[in-house]
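# Okay, sequence plus prediction incoming.
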Amino acid sequence: MKYYSEEVINNLDYRKNYSSSLQNFIAKERETSAIKRSKYISPKKYKSNPEKFRQDYKKIIGFNKPKKVNIKVEKNFVALDKNVNIYRMSITGAFNIPFYGILFEPIDKTENTPLIFAFHGGGGTPELVSSINLDSGNYNHMARRMSDRGYAVFCPQFLLWNQSENEEKFDRIRLNGRCMQLGFSITALEQVLVSQCADYFLSDGGYSEDRFGVIGLSYGGMNALTFAAIDTRVKACYSSSWYSNRFTNSWADWSYKGLANRFEDAELAALVCPRALVITMGDKDALFNYKESEASAIITTEYYKEFNAQEKFCYYTFDGNHETDKSPKWEEFLDKYLK
């Protein structure tokens, strides 16, 4: 039987019209979302009730931390290196998920020793961010620079590492889709696990909330900024090479239903206010445009001004790529609020 047929070129215009119309619609909705966001949150509204907006953000990403959890900790000594003892740790709490990380603990630790959580980025590991593997790569020894300054540093493992041939495979984006079907995101789930680590370190671990901070690069910059936004125990945060424009960089595992109507990167950073926050971007970063970061920083600054806390927010670009700033400027900023 012979059916009617024609050249593909005869129907291309229909598809082009559909595609362009759909994208134009999304672009217009994007413009509308900025209006909705400005009506929802502003420096004055946030100052009047910070916790309301924090809870709203938690709901959007699906953050739901059980109130009472028994935490099991395994701590295995690895080595003594310079001024720290190195331990591999497994911290298991809610959901019975063993959360792996490496701790660098000063040998002269006291009750005043500050604690930093250091988060790796995509394809990363605790060993990479802490210079145990590959000389730290674009992290530029981020974690060990802090341990050299007298901090205890905990580097957890997120579901982001490059998989080898001899291990069980995972697809983060597909797993995030399954999480979203169940009412939470992969980001929210890992944030709960991080928060449980903080529960341990700030109680049985012997560290103080007053000297507790978080740092991260790329995906780690996202996790650091998110953790500081939702957990007020964090007193100072350094986020590198992520903060910019979320609509431009709408990756599936950090996109949530209705987020643009309430929070962009600028407003997420505002949730840290009035606690200390330093954000950096390399002016040659190939993944994120620092010009968009600068535009977001102008908005975040207004929130800190509302609290008369401008000195606690620092944004700057540096001569570099998708990496941690090699200069000590961000380290010195953290020192002011954690030491």
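Happy to help now that I have it. Keep in mind the model is a prediction, meaning the values are calculated, not measured.
# For stretch 56-65, measure first residue to last.
One end of stretch 56-65 to the other measures 14 Å (C-alpha to C-alpha, to the nearest Å).
# could you give the mean pLDDT of it?
Regarding stretch 56-65, the rounded mean pLDDT is 97.
# And stretch 100-107, by the same measure?
Mean predicted confidence for stretch 100-107 is 98.
# wait, doesn't residue 123 sit right on residue 159?
No - using C-beta atoms under 8 Å, residue 123 is not in contact with residue 159; the gap is 11.6 Å. Every C-beta, even on glycine, is put in place using the N, C-alpha and C of the backbone.
# check contacts around the residue sitting nearest the centre point of the chain.
Residue closest to the mean C-alpha point of the chain, counted by C-alpha atoms, centre = their mean, is residue 223 at 1.7 Å. For residue 223, the contact set (C-beta atoms under 8 Å, 6 or more residues apart in numbering) comprises 119, 158, 187, 190, 191, 194, 216.
# Among those residues, which one sits closest to residue 31?
Closest approach to residue 31 among the contacts of residue 223 (C-beta to C-beta): residue 187, at 26.1 Å.
# and which of the contacts of residue 223 is nearest to residue 23?
Closest to residue 23, out of all of the contacts of residue 223 and judged by C-beta to C-beta, is residue 187, at 26.1 Å.
# Verify the contact between the closest one and residue 253 for me.
Yes - if you go by C-beta under 8 Å, residue 187 and residue 253 touch, sitting 6.4 Å apart.
# okay, and the common contacts of those two?
Here residue 187 and residue 253 have residue 176 as joint contacts, going by C-beta under 8 Å, 6+ apart.
# So the residue nearest to the centre of the chain lies in a helix, does it not?
Yes - judged by DSSP: H, G, I helix; E, B strand; the rest coil, residue 223 forms part of a helix.
# For it, give its distance to residue 162.
As judged by C-beta to C-beta, to the nearest Å, residue 223 and residue 162 stand 17 Å apart.
# Tell me how many other residues crowd residue 328.
11 (other C-beta atoms under 10 Å).
# mind listing the helices for the stretch 201-339 of the chain?
Listed in chain order, the helices of the stretch 201-339 of the chain (DSSP state H, counting those that start in this stretch) span residues 219-230, 265-270, 290-306, 329-338.
# Mind putting those into CSV with mean pLDDT and distance to residue 153?
CSV is the format used below for the helices of the stretch 201-339 of the chain (pLDDT from 0 to 100; distance: least, C-beta to C-beta, whole Å):
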stretch, mean pLDDT, distance to residue 153
helix 219-230, 98, 13
helix 265-270, 98, 23
helix 290-306, 97, 26
helix 329-338, 98, 12
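# Which neighbouring residues are in contact with residue 155, exactly?
Residue 155 is in contact with 101, 102, 103, 104, 117, 118, 119, 120, 126, 129, 130, 143, counting by C-beta under 8 Å, 6+ apart.
# List the residues that contact residue 90.
By C-beta under 8 Å, 6+ apart, the residues touching residue 90 are 73, 74, 98, 99, 100.
# and with 6 Å instead?
Residue 90 sits next to 74, 98, 100 when contact means C-beta atoms under 6 Å, 6 or more residues apart in numbering.
# Kindly report the same for residue 194.
Residues near residue 194 by C-beta under 6 Å, 6+ apart: residue 227.
# What separation do you get for it and residue 201?
Per C-beta to C-beta, residue 194 is found 11 Å from residue 201.
# Over to residue 85?
Noted for residue 85: a distance of 15 Å to residue 201, by C-beta to C-beta.
# who's more crowded, these two?
Applying other C-beta under 10 Å to residue 85 and residue 201 shows that residue 201 carries more neighbours, namely 23 against 16.
# top of the contacts of residue 155 by neighbour count?
residue 119 (33 neighbours).
# bridging residues for that one?
Taking DSSP bridges, one finds residue 216 as the beta-bridge partners of residue 119.
# if I look at it, how far off is residue 187?
Residue 119 sits 12 Å away from residue 187, taking C-beta to C-beta as the criterion.
# Now do the strands in the stretch 101-250 of the chain.
Applying DSSP state E, counting those that start in this stretch to the stretch 101-250 of the chain gives strands spanning 115-119, 152-156, 212-217, 236-240.
# possible to save the ones you listed as a markdown table with distance to residue 65?
Output for the strands of the stretch 101-250 of the chain, formatted as a markdown table (distance: least, C-beta to C-beta, whole Å):
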| stretch | distance to residue 65 |
| --- | --- |
| strand 115-119 | 16 |
| strand 152-156 | 16 |
| strand 212-217 | 16 |
| strand 236-240 | 19 |
